[in-house]
Structure formats: structure tokens, C-alpha cells
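Asker: this one's sequence-less:
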């Protein structure tokens, strides 16, 4: 997911997506430990997506980015 796509989400949706991604990351790490991981590149993708979401949330918190609801 690109950062430009994240601007269409509300704060609550971003937080929910972050929680889902962190849960998926924990599951993938567990699979990796058991050597059952089918797509190892998914770990990298998830890690980057989590960082992008956290960045957007922080920008919203600091007021550097306007929330979709605030624009209206």
C-alpha cells in the first residue's frame, strides 16, 4: 500500500489497519520460527506498511496532514 492511498482513510480506519497488520506480523513471525512461512517477502511488506501507517498517524497528530473528516 502506498502512502498516498493512506490519506483516504480516517484515523479510526488507520488504527484498525495498524492493529490488523501487527497481528498478522506476529503470526508470520511465529510461522517463520516454525519454518512454515510460504511468502517471506510478506514480512518486509508488512513492516513497511506498519511504518507508513504510523507515520501518517503521527503527521495527523502533529497537524502536518489534514484528516479526511477535518477537510469537510
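Answerer: Now that the structure is in, tell me what you want to look at. This one's a predicted model, so the numbers in the text were calculated from it and none came from an experiment.
Asker: the closest residue in space to residue 24 that isn't next to it in sequence: which element?
Answerer: Across the structure, with Cβ to Cβ, 6 or more residues apart in numbering as the measure, the residue nearest residue 24 apart from its sequence neighbours is residue 46 (6.1 Å). Quick note: C-beta positions are derived from backbone N, CA and C, even for glycine. With secondary structure defined by DSSP states H and E, residue 46 is part of helix 41-62.
Asker: that older thread, ok, the residue nearest to residue 24 - contacts?
Answerer: Shown here is residue 46, whose contacts under the criterion Cβ atoms under 8 Å, 6 or more residues apart in numbering are 21, 24-25, 28.
Asker: in the helix holding residue 46, which residues are buried?
Answerer: 43, 46, 49-50, 52-53, 56-57, 60 (16 or more other Cβ atoms under 10 Å).
Asker: ok, now stretch 22-40?
Answerer: Of the residues in stretch 22-40, those buried by neighbour count under the rule 16+ other Cβ under 10 Å are 25, 28, 31.
Asker: these two touch, right, the last one and residue 40?
Answerer: No. With contact defined as Cβ atoms under 8 Å, residue 31 does not reach residue 40; the gap is 9.7 Å.
Asker: okay, the spatially closest residue to residue 57 that is not a sequence neighbour: pLDDT?
Answerer: Here the nearest residue to residue 57 in space, its sequence neighbours aside, is residue 14; by Cβ to Cβ, 6+ apart that works out to 5.6 Å. The per-residue pLDDT reported for residue 14 equals 94.
Asker: then residue 21?
Answerer: In the prediction, the pLDDT value recorded for residue 21 is 97.
Asker: cool, residue 66 as well?
Answerer: In this model, residue 66 is scored at 75, pLDDT.
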